[in-house]
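Q: Here is a sequence with its predicted model. Questions after.
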Amino acid sequence: MLTTYGLHMALIETVDLWKTYTMGSEEIHALRGVSLSVERGEYIAIMGPSGSGKSTLMNLIGCLDTPSRGSYLLNGKQVGEMNDNELARIRNEEIGFVFQTFNLLPRASALQNVELPLVYAGVPARERTARATAALEGVELGARLAHRPNELSGGQRQRVAIARALVNNPSILLADEPTGNLDSKTGIEIMGLFARLHEAGNTIVLVTHEADIAAHARRAVHLRDGQVEKDVLQAA
């Protein structure tokens with residue numbers, strides 16, 4: 001853990017993280033004291049059946065939600081102490097999101113979709129175009145800059161989403177069931193892309209319920225009933 005001398009600091013550090021929802025008179029504990037440490041450059045899968053708490057944990061790691069109790073340190077900073085503006089900046093600049101449903105703007109080109117986080121960050125137009133073009137070339141879509149989502153295959157749409165997630169050089173690439181809407185062949189191609197991104201030094205947190213997808217990660221954290229059931233290193 002982080003010391004006053006800065007000798008070591010995990011990128012993600014959750015300590016006794018709880019998330020409780022009140023439904024009428026009933027309390028539902030989605031997370032029950034999850035402690036998790038993720039190093040910079042790790043490739044980790046968060047696994048578990050429906051209702052295990054993996055989506056809740058992803059939302060907390062992605063600063064889309066706040067814990068009921070416990071602490072979350074991202075890059076050594078206490079997320080619970082941040083205001084809305086700071087959280088919005090973290091979501092835009094520190095975390096790259098890849099969703100199962102791609103979440104692309106249908107009327108915008110691939111290039112415009114990838115530029116979007118840079119627009120929010122106030123990056124000048126010429127630099128935006130250059131960075132978004134480079135990001136799309138990095139996922140082998142340099143020839144598809146002007147194509148809209150409906151002119152792209154599912155795999156190509158997910159590559160656009162990955163380029164958008166990477167365009168700000170985030171600390172973490174957070175992927176929620178990234179192959180869920182893809183056929184198995186395309187899914188394997190996307191997982192191959194994640195492997196290359198990891199080799200290039202990206203930190204990847206992959207949320208999935210599929211064992212064959214989780215097998216691509218170097219470490220698997222299994223959740224059950226809101227708790228860490230096991231945390232295992234996997235063969236490369």
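A: That came in fine, so what should we check first? Numbers count the residues shown, from 1 in each chain.

Q: Strands of the protein, residue ranges please.
A: Using DSSP state E, the strands of the chain run over 12-23, 26-38, 43-47, 69-74, 77-78, 95-99, 172-176, 203-208, 219-224, 227-233.

Q: ok, of the ones you listed, where does mean pLDDT dip lowest?
A: Note on the strands of the chain: strand 77-78 shows the lowest mean pLDDT, a mean of 90.

Q: what does that one rub up against?
A: With contacts defined as C-beta atoms under 8 Å, 6 or more residues apart in numbering, strand 77-78 is touched by 71-72. (C-beta placed from N, C-alpha, C; glycine too.)

Q: what about it, distance to the chain center?
A: 18 Å (C-alpha atoms, centre = their mean, to the nearest Å).

Q: contacting residues around residue 134?
A: With C-beta under 8 Å, 6+ apart as the criterion, no residue contacts residue 134.

Q: Look up how far residue 72 lies from the residue nearest to residue 40 when sequence neighbours are not counted.
A: Using C-beta to C-beta, 6 or more residues apart in numbering and skipping the chain neighbours, the partner closest in space to residue 40 is residue 11 (4.5 Å). According to C-beta to C-beta, to the nearest Å, residue 11 stands 12 Å off from residue 72.

Q: same thing with residue 41?
A: Residue 41 is 19 Å from residue 72, by C-beta to C-beta.

Q: neighbour count winner among the two?
A: More crowded of residue 41 and residue 72, by other C-beta atoms under 10 Å: residue 72, with 20 against 14.

Q: tell me which residues form a beta bridge with the more buried one?
A: Applying DSSP bridges to residue 72 gives these bridge partners: residue 14.

Q: For it, list the residues it contacts.
A: 12-15, 17, 60-61, 78-80.

Q: which parts of stretch 76-91 are buried?
A: 79, 82, 90-91 (16 or more other C-beta atoms under 10 Å).

Q: Any regions of the chain where pLDDT drops low?
A: For the chain, applying pLDDT under 70 flags the ranges 1-8, 236.

Q: can you give me the helices for it?
A: According to DSSP state H, the chain carries its helices in the segments 54-61, 84-89, 110-120, 125-138, 154-166, 184-199, 211-214.

Q: Show me what the last one is packed against.
A: What that stands for is helix 211-214. The elements that helix 211-214 packs onto, with contact taken as 3 or more C-beta pairs under 8 Å, 6 or more residues apart in numbering; DSSP states H and E, are strand 43-47, strand 203-208.

Q: that older thread, including distance to residue 34, could the contacts of residue 72 go into TSV?
A: Listed next are those as TSV, based on distance: C-beta to C-beta, whole Å:
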residue	distance to residue 34
12	11
13	11
14	6
15	9
17	4
60	9
61	10
78	17
79	14
80	15
